[in-house]
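Engineer: sequence and predicted structure are below.
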Amino acid sequence: MIDSSRSAGDVSDLERPVTLGPEAYTSADYARAESERLFRKAWLQAGRLEDIPEPGDFITYQLGPDSVIVIRTDEGIAAYHNVCPHRGRRLIDVPARQRNARGKRKSFVCGYHGWSFDLAGRNIYIPHADDWQGCLSADRTGLGRVAVDSWGGWIWINLDGKAGPLRDWLEPAATMLDPYQLQNMRPRWRKWVVFDCNWKVAMEAFAETYHVSTTHPEFNAFGQFRGWARNQGLHSNIGYDAPKGQEEDAGKLRLGTGGDPRLTTAELQDFTWANANTNTTLTMVEAARRLKDELPEGTPPAEVSRHWIASARAADAARGVDWPMVEPGHTAQAGTAWQIFPNFQIGHAVNNMLCYAARPYGADPDKCIFEAAVYELYPEGEAPLTEWEYTEPADWPPVLQQDFANMAAVQQGMKDGGFRGALPNPYMERSIASLHQNLARYMGQGAPQPLR
Ligand code: FES
Ligand SMILES: [Fe+2]
């Protein structure tokens, strides 16, 4: 819908075609400015609550030059700048080749001169403190606080403390995703890698469905679904237009199409399980395999879908795993994934989720730390203990490797003098225009320009 009261240059509805310059992806100055203007001002997803189950458990989180310690205390969660107030040594070192440090402490002792801090961040020991002649205040000698909160089972931090309430930041994503009870899911696997592309190139590779039929042609055999992308304020979401009569299928729990839906659904599930290891669970795969025995030939697709989902739901319930109920109308609005500004994506469902995050690697615009985690529901106490695993691109599931193959090539192409700027699909890739519209608000440059 076009609002004729807007000027021709106004692209705020993002429904009209826009173009995006390459600077946000390639400029060293832009990358340097991101820490100050964007990342310190945003709520950032910094880990899961289950990573720090008990008082004293901590993790670190690094973004560009900034590192944060997130710790469980008797009162809740606290976050501190990972820097000693004495002469600036990092308080907690991150071991080489690890995504983050993790451990349990009663207090923190700086390894340089021994200044010590309790879990509330207060300084509790300074060797030869009298030498400062009474001039050291608690303000100067305690750890710097970072705003921290939780939602969806994740820990969120805001470095400058001025981003306002987390809930406000996350809306409308939080309200749309709350019914999925993401806080109850636990990781099945978590992998990370350093890529030769800007963090936005990595996020955008997963923020649209326009690429699926070309980058992942194997899925075409299971029917082509047209995907949409919507701007949602700071955030955006993507989803599929479900075929008529199969509205339940607007979420991720999709039937295969074409041929006998009992068989194609099992094939699609087996293929997804083996080649992506995302977006489904073993329960779903096994329920799909049973369809041919449980339903007669000729069962209409909508009924196959209902039976499959009900049968998987019952199988999980029997082992103590209860999926939340989400209305089909809500599923259609919530879509299949939310891009949480600036650098996190939640691909939700009632029984599993696939999440991506990407962040700068130092201040190099051509590199990023990319990570993906797959979660599902487990019976109480049976979730596996997973660690973040550094995984070379060739060792990721094959479908993800297909996405990876585009990333470095996009980064190189964006720097080519012959590149005239990106032309995101206004319907299927609006999430990308949304990201850049919001980035421009923080960065003061790079707003999407209308195509004339
Ligand atoms: S830098 Fe930490 S005690 Fe000196
Ligand atoms: Fe993909």
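Structural biologist: Good, I have the coordinates. Numbers count the residues shown, from 1 in each chain. Ligands and ions are numbered 1, 2, ... in the order given.

Engineer: drop to CA atoms for contacts and neighbour counts, all remaining ones
Structural biologist: Fine.

Engineer: what number of residues lie near Lys367?
Structural biologist: Here the number of neighbours of Lys367 (other C-alpha atoms under 10 Å) works out to 23.

Engineer: which element is it on?
Structural biologist: Using DSSP states H and E, Lys367 falls within strand 364-376.

Engineer: which other helices and strands contact the next helix or strand after that strand?
Structural biologist: Downstream of strand 364-376, the next assigned helix or strand under DSSP H and E is strand 389-390. Judged by 3 or more C-alpha pairs under 8 Å, 6 or more residues apart in numbering; DSSP states H and E, strand 389-390 is in contact with strand 186-195.

Engineer: tell me the angle the strand it packs on makes with strand 364-376.
Structural biologist: 160 degrees (axes from the mean of the first three to the mean of the last three C-alpha atoms, to 10 degrees).

Engineer: quick check: buried residues in strand 186-195?
Structural biologist: Of the residues in strand 186-195, Arg186, Pro187, Arg188, Trp189, Arg190, Lys191, Trp192, Val193, Val194, Phe195 count as buried by neighbour count, 16 or more other C-alpha atoms under 10 Å.

Engineer: partner strands of it, with direction?
Structural biologist: The strands beside strand 186-195 in its sheet (DSSP bridges) come out as strand 364-376 (antiparallel), strand 389-390 (parallel).

Engineer: follow-up on the earlier one: of the buried residues of strand 186-195, which is the nearest to Asn158?
Structural biologist: Trp192 (22.4 Å; C-alpha to C-alpha).

Engineer: can you count the residues close to the residue of the stretch 301-450 of the chain found nearest ligand 1?
Structural biologist: When scored by C-alpha to the nearest ligand atom, the stretch 301-450 of the chain has Gly362 as its residue closest to ligand 1, at 22.1 Å. As a burial measure, Gly362 scores 17 neighbours (other C-alpha under 10 Å).

Engineer: surely it meets Gly64?
Structural biologist: Yes. The pair Gly362 / Gly64 is scored as a contact, 4.8 Å apart, by C-alpha atoms under 8 Å.

Engineer: please give the element, helix or strand, for Arg290.
Structural biologist: Assigned by DSSP H and E, Arg290 belongs to helix 282-294.

Engineer: of all the residues in that helix, which ones are buried?
Structural biologist: Buried residues in helix 282-294 (16+ other C-alpha under 10 Å): Thr283, Met284, Val285, Glu286, Ala287, Ala288, Arg289, Arg290, Leu291, Lys292.

Engineer: which positions in the stretch 1-150 of the chain make contact with ligand 1?
Structural biologist: Cys84, His86, Arg87, Gly88, Arg89, Cys110, Tyr112, His113, Gly114, Trp115 (C-alpha under 6 Å from any ligand atom).

Engineer: ok, back up a step: tabulate the strands paired with strand 186-195 in TSV, adding columns for mean pLDDT.
Structural biologist: What follows is the strands paired with strand 186-195, written out as TSV (pLDDT from 0 to 100):
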stretch	mean pLDDT
strand 364-376	98
strand 389-390	97
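
Engineer: name the stretch among the ones you listed that sits most buried.
Structural biologist: Among those, strand 364-376 has the highest mean neighbour count (mean count of other C-alpha atoms under 10 Å), at a mean of 22.

Engineer: identify all contacting residues around that strand.
Structural biologist: With contacts defined as C-alpha atoms under 8 Å, 6 or more residues apart in numbering, strand 364-376 is touched by 25-28, 31, 185-199, 202, 278-279, 281, 351-361, 411.

Engineer: in the stretch 1-150 of the chain, where is pLDDT below threshold?
Structural biologist: Scanning the stretch 1-150 of the chain for pLDDT under 70 picks out 1-12.

Engineer: Phe219 in helix, strand or coil?
Structural biologist: helix (DSSP: H, G, I helix; E, B strand; the rest coil).

Engineer: state the helix or strand in which the nearest residue to it once chain neighbours are set aside lies.
Structural biologist: In space, Phe219 comes closest to Ser213 once its chain neighbours are excluded; the distance is 7.0 Å by C-alpha to C-alpha, 6 or more residues apart in numbering. Ser213 belongs to helix 212-215 when assigned by DSSP H and E.

Engineer: what lies in contact with that helix?
Structural biologist: Phe219, Asn220, Gln224, Gln402, Asp403.

Engineer: what comes up buried for that helix?
Structural biologist: Val212, Thr215.

Engineer: give me the sheet partners of the next helix or strand after that helix and which way each runs.
Structural biologist: Downstream of helix 212-215, the next assigned helix or strand under DSSP H and E is strand 227-232. With DSSP bridges as the test, strand 227-232 is paired with strand 235-240 (antiparallel).
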